[in-house]
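Asker: Fold the following and give me the result.
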Amino acid sequence: MAKILCTVCGKILESKSRHDFQQCQCENESFVDGGGDYTRVGGKDLNSVFVWNEKTEKFEFPFILPEDKSLKIKEESPKPNKTINAIVSEIHETAKTKGWWDLIRSPLEIHALIHSEISEATEEVREHKEDYYLDSKGKPCGETTELIDAFIRIADYFGYMGWDFEKVLQEKMQYNNSRPYRHGNKKF
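Answerer: Numbers count the residues shown, from 1 in each chain. Okay, here's the model as predicted:
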């Protein structure tokens, strides 16, 4: 169970299941979600959100914030930029080493797998989840990761087929650039 204390209003909020989103009504709008599967917490001022620690059996302040109180991602040393085709190759090699190409799959099966990732991204949005979060095991989740999974499946297929991702992407972008405004007067 995920549980927090909002120190602004003093309310204790408990999320008892994976999609049990709880939020207080005070000006901080502290919230908790995830139940026992993951713990997602937030509020306008994270300094006012304390998370229940099962081991110590008390509410603890889990965040270390800089003076401006905004979370910052630790900057890593810059890595050399890879070409898209190099990324495609790396993705396909990983898929092969993990056994995903031990049996050959049909194009329709591959397309369905790509579609399933888009459906998972849609579910993340429908369930009002964060764009990106880590579950209790540290697995990246959210709409962004499901869309990346779709890209990974597409890149893996390009790698398997030996197609030039960069060339096809550039040619399609160039063609789209030449099309008229809302070509075909489509609504979507």
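Asker: can you confirm Gln170 is in a helix?
Answerer: Yes - per DSSP: H, G, I helix; E, B strand; the rest coil, Gln170 lies within a helix segment.
Asker: What's the local residue count around it?
Answerer: Gln170 has 12 neighbours, counted by other CB atoms under 10 Å. Where C-beta positions appear, they are placed from N, C-alpha and C, glycine not excepted.
Asker: let's number from 668 now, not from 1
Answerer: Noted, 668 is the first residue going forward, which turns the last one into Gln837.
Asker: Report pLDDT for it.
Answerer: pLDDT for Gln837: 95.
Asker: Distance check, the closest residue to Ile781 other than its chain neighbours against Gly851.
Answerer: The shortest distance from Ile781 to any non-neighbouring residue, by CB to CB, 6 or more residues apart in numbering, is to Arg820 (4.7 Å). If you measure Arg820 against Gly851 using CB to CB, to the nearest Å, the figure is 28 Å.
Asker: which of the two has more neighbours?
Answerer: Residue environment comparison for Arg820 versus Gly851 gives the larger neighbour count to Arg820, 21 against 7, counting by other CB under 10 Å.
Asker: Could you list the domains of this structure?
Answerer: 669-727, 751-852 (automatic domain parsing).
Asker: Pick the most deeply packed of these.
Answerer: Mean neighbour counts were taken over those using mean count of other CB atoms under 10 Å, and the top value, a mean of 17, falls to domain 669-727.
Asker: just checking, Phe717 touches Lys670?
Answerer: No - assessed by CB atoms under 8 Å, Phe717 is found out of contact with Lys670, at 9.6 Å.
Asker: Low-confidence regions, this protein specifically.
Answerer: 729-746 (pLDDT under 70).
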